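>>> Pasting the sequence and the predicted model now:
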Amino acid sequence: KSKNRAKTLELWKAAVADGAEPAQITAAAVAYAKEVAGQEWRFIKQSDNWLRDRRYEDKYEPDAPGKPHLRAVSGDSYRPFQPNPDVDYSKGF
């Protein structure tokens with residue numbers, strides 16, 4: 001997940017200049033992506049923060065399953081959420 005590409009590139013160059021191997025960073029990023037696949041988007045580190053925190057030095061699960069295989073759903077089976085008229089949503093759940 002990346003929001004600041006320029007900062008990410010700057011931190012990438014700094015990490016390599018400090019002795020990190022580009023292949024190590026890339027392999028760790030792939031492993032991290034597999035490890036967090038399926039998690040809520042807001043809990044996944046942004047790329048610049050991930051590099052700044054030197055997360056490429058972390059130990060990741062070697063055989064993380066990765067993202068699940070998704071399939072397209074036909075257009076006529078989609079139905080948007082319809083609130084239940086018998087439930088008072090203002091009082092919480």
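Yes, it's here.

>>> top helix in the protein by residue count?
helix 22-36 (DSSP state H).

>>> Just the element for Val16, please.
With secondary structure defined by DSSP states H and E, Val16 is part of helix 5-17.

>>> which secondary structure elements does that helix contact?
Secondary-structure packing of helix 5-17 (3 or more CB pairs under 8 Å, 6 or more residues apart in numbering; DSSP states H and E): helix 22-36, helix 47-52. All C-beta atoms are positioned from the backbone trio N, CA, C, and that covers glycine.

>>> what residues does it touch?
2, 22, 25, 47-48, 51-52, 54, 56 (CB atoms under 8 Å, 6 or more residues apart in numbering).

>>> try 7 Å
Outside helix 5-17, the residues that touch it by CB atoms under 7 Å, 6 or more residues apart in numbering are 2, 22, 25, 47-48, 51-52.

>>> Just give me the least confident of those residues.
Least confident of the contacts of helix 5-17 in the model: Ser2, at 81.

>>> Touching, it and Ser47? I think so.
Yes - between Ser2 and Ser47 there is a contact under CB atoms under 7 Å: 4.1 Å.

>>> buried sites along the lowest-mean-pLDDT helix or strand in the chain?
In the chain, no helix or strand scores lower on mean pLDDT, DSSP states H and E than helix 22-36, which sits at a mean of 89. Buried residues in helix 22-36, counted by 16 or more other CB atoms under 10 Å: 25, 28-29, 31-32, 34-36.

>>> Could you dump those into CSV and include distance to Gln82?
Shown next, in CSV, are those (distance: CB to CB, whole Å):
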residue, distance to Gln82
Ile25, 47
Ala28, 44
Ala29, 41
Ala31, 41
Tyr32, 38
Lys34, 36
Glu35, 36
Val36, 32
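
>>> Cool, thanks, talk later.
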